[in-house]
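J.: Model the following, please.
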Amino acid sequence: MARKAASRLKTRYVCAACGSVQLRWSGRCPECGEWNTLVEEVVEDRPSLSSAALPSTSKPQPLAEIRADALQRWPLPLGEFSRVLGGGIVPGSLVLIGGDPGIGKSTLLLQTAVLAAQHIGTALYVSGEESAQQIKMRAERLGFGSSDLLLLTETNLDAVIQVIESVQPRVCVVDSIQTMYVDALESSPGTVTQVRECAQRLQTVAKARNIAIFIVGHVTKEGTLAGPKVLEHIVDTVLQLEGDRFHAFRILRSLKNRFGATSEVGVFEMTGEGMREVTNPSEAFLAERVAHVPGSTVAVTMEGTRPLLVEVQALTSPTQAPLPRRTANGFDYNRLFLLLAVLSARLRFNLNARDVFVNIVGGLTIEEPAADLAAAVAIASAYLGKPVPPEVALIGEVGLSGEVRSVSQISQRLHEAAKLGFSRCVIPKTARKVESPPAGMRVLPVRSVGEALDMVLNGAPQQ
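T.: As a prediction, the model looks like this:
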């Protein structure tokens, strides 16, 4: 008779960045190359089952027999949140939302849970960081004190799953995944093993019971989601709440979505009554713009499927320092260096003796290159002391030869600019011809940055 193998404890090292397991600690992970990410964990070494003993849980199906009906979605009155999710909450989905401390994750999800309890069905809010009294105080401040939302303060995931099984909510919020733990693991809450195991169990519950589960994830000091990357692979949707705590606007960005478009954004304003959705973010971002000031332009960008108009500000200041300062807020730092090199080499701007500052107004971060032309013109406008006409918007990517390259969805961008009262728009000459430009909109195609400056600053650039 074979003797049953006894389980024992053993030490291993798990990479917090990629989730790889190593037997010995080292300063650099051999799998992903990140430094100081190996974390010591004590786990129980259990004998594994042979492949012949594993039960079969599913059977293969012919592709032709599988139904591909449209996904059912639960609409939510919070339109910006529904937009980022792809049109509503998907039953059985597991959604991870991250963001800096104090940015408003708990407030946004509390509003979501309350609205779900009012319009969808039973909703459960599980908190591992706050007491029920603290959540009650926040709900009263937001005007939701009399809601039917169910509250649970618990960090043991086994107990949480028992409550979910008994209550059978339609929507569940877990705040946060780093505070949850399972008894079967010896490691502390928040470690790589605990986070991964808790996420996998919640995914199983969500799929088996057709429950939409939202989990809150902490972020590192670099702004990325804490925990192993496998956590982002387990969930169906990854949302990032961005913004400066000193600004009113918050940007909810979709980084991954199995049920909708990625890179979709929703805009909210943090108020004393909670998160208020901004239905026309372009108008909000341009509300305080001062006209006829050098160094200010308007870029027409695309965030997911939504065109967005933002103000790009630039300032150049003479300096005696051997290395002039280059500062970018909300704009890619490397692209700023590229634009400065183009202006210096192609247009003979003497920027080596000037500090250059670029700012995207409203706390928004612009990643797509379609804002290159607006940033380059803003820098040139500040350098020359010539303001850009307030009715002009700019679209285009700038290449190393100083050429203005085409970007996608020109027509949608033009219609959004026309809707906000812009009468002229500079676009790349290589872009596809706009069949029906908006009424009252004059399209100005250009081939290079120099041509764009001639057109909007009423004169060739000077040294």
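
J.: Report the secondary structure element holding V160.
T.: Counting by DSSP states H and E, the element that carries V160 is helix 157-167.

J.: Need the contact partners of that helix.
T.: With contact meaning Cβ atoms under 8 Å, 6 or more residues apart in numbering, helix 157-167 is reached by 122, 124, 126, 150, 152, 154, 172, 174, 180-183, 198, 201-202, 205, 209, 211. Placement of C-beta: from N, CA and C, glycine included.

J.: Dihedrals phi and psi, the residue lying closest to P30 once chain neighbours are set aside?
T.: Residue nearest to P30 in three dimensions, not counting chain neighbours: Q22, with 6.9 Å by Cβ to Cβ, 6 or more residues apart in numbering. Backbone torsions of Q22, given as degrees, to the nearest 10, read phi -120, psi 150.

J.: Show the buried residues in the contacts of helix 157-167.
T.: 122, 124, 126, 150, 152, 154, 172, 174, 180-182, 198, 201-202, 205, 209, 211 (16 or more other Cβ atoms under 10 Å).

J.: Tell me the buried residues in stretch 269-284?
T.: Within stretch 269-284, the residues that count as buried by 16+ other Cβ under 10 Å are 269-270, 274-278, 281-282.

J.: For G440, give its distance to A452.
T.: Using Cβ to Cβ, to the nearest Å, G440 is found at 21 Å from A452.

J.: likewise E416?
T.: In this structure, E416 and A452 are separated by 20 Å, where distance is defined by Cβ to Cβ.

J.: who's more crowded, the two?
T.: Between E416 and A452, counted using other Cβ atoms under 10 Å, the more crowded position is A452 (27 against 22).

J.: I'd guess P91 is in a helix, am I close?
T.: No. The assignment for P91, made by DSSP: H, G, I helix; E, B strand; the rest coil, is coil rather than a helix.

J.: ok, it - contacts?
T.: Taking Cβ under 8 Å, 6+ apart as the criterion, P91 is in contact with 72, 74, 170, 210-212.

J.: picking up where we left off before, which members of the buried ones among the contacts of helix 157-167 occur in helices, if any?
T.: Counting by DSSP state H, the part of the buried ones among the contacts of helix 157-167 found in helices is 198, 201-202, 205, 209.

J.: For T107, state which of the residues you listed is nearest.
T.: In terms of Cβ to Cβ, no member of those lies closer to T107 than L202, at 21.7 Å.

J.: Which residues are in contact with the closest one?
T.: For L202, the residues meeting the contact criterion (Cβ under 8 Å, 6+ apart) are 94, 157, 174, 177, 213, 215.

J.: ChimeraX command for the buried members of the residues you listed?
T.: Here the buried members of the contacts of L202 are turned into a ChimeraX selection, burial being counted by 16+ other Cβ under 10 Å:
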select :94,157,174,177,213,215
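
J.: Minimum pLDDT in the contacts of L202, which residue is that?
T.: Looking at pLDDT alone, those dip lowest at I177, where the score is 91.

J.: Phi and psi next, for that one.
T.: Backbone torsions of I177, given as degrees, to the nearest 10, read phi -70, psi -30.

J.: Also I427?
T.: According to degrees, to the nearest 10, I427 has phi -130, psi 160.

J.: With adjacent residues omitted, what lies nearest to it?
T.: Skipping the residues right next to it in sequence, I427 comes nearest to I395 by Cβ to Cβ, 6+ apart, at 4.9 Å.

J.: That neighbour touches C425, doesn't it?
T.: Yes. With contact defined as Cβ atoms under 8 Å, I395 and C425 form a contacting pair (6.5 Å).

J.: which residues are in contact with both of those two?
T.: 300, 413.

J.: Among these two, which residue is more densely surrounded?
T.: Set I395 next to C425 and count neighbours by other Cβ under 10 Å: I395 wins out with 29 against 25.

J.: For this structure, give me the ranges with low pLDDT.
T.: Residues of the chain that meet the criterion pLDDT under 70 lie in 1-8, 43-58, 68-71, 219-230, 435, 458-463.

J.: List the buried residues for the lengthiest strand in it?
T.: Of all the segments assigned as strand in the chain under DSSP state E, the longest by residue count is strand 306-318. Of all the residues in strand 306-318, those buried under the rule 16+ other Cβ under 10 Å are 306-316.

J.: Would you map the helices across the chain?
T.: Assignment of helices within the chain using DSSP H yields the ranges 79-85, 105-119, 132-141, 157-167, 192-209, 230-234, 281-285, 333-347, 372-384, 410-419, 449-456.

J.: Now do the contacts for S26.
T.: Under the criterion of Cβ under 8 Å, 6+ apart, the contact list for S26 reads L38.

J.: What is the neighbour count of the nearest residue to T327 once chain neighbours are set aside?
T.: Counting by Cβ to Cβ, 6+ apart, F357 is the residue found nearest to T327 once chain neighbours are left out, at 4.7 Å. Here the neighbour count serves as a burial measure; for F357 (other Cβ under 10 Å) it reads 19.
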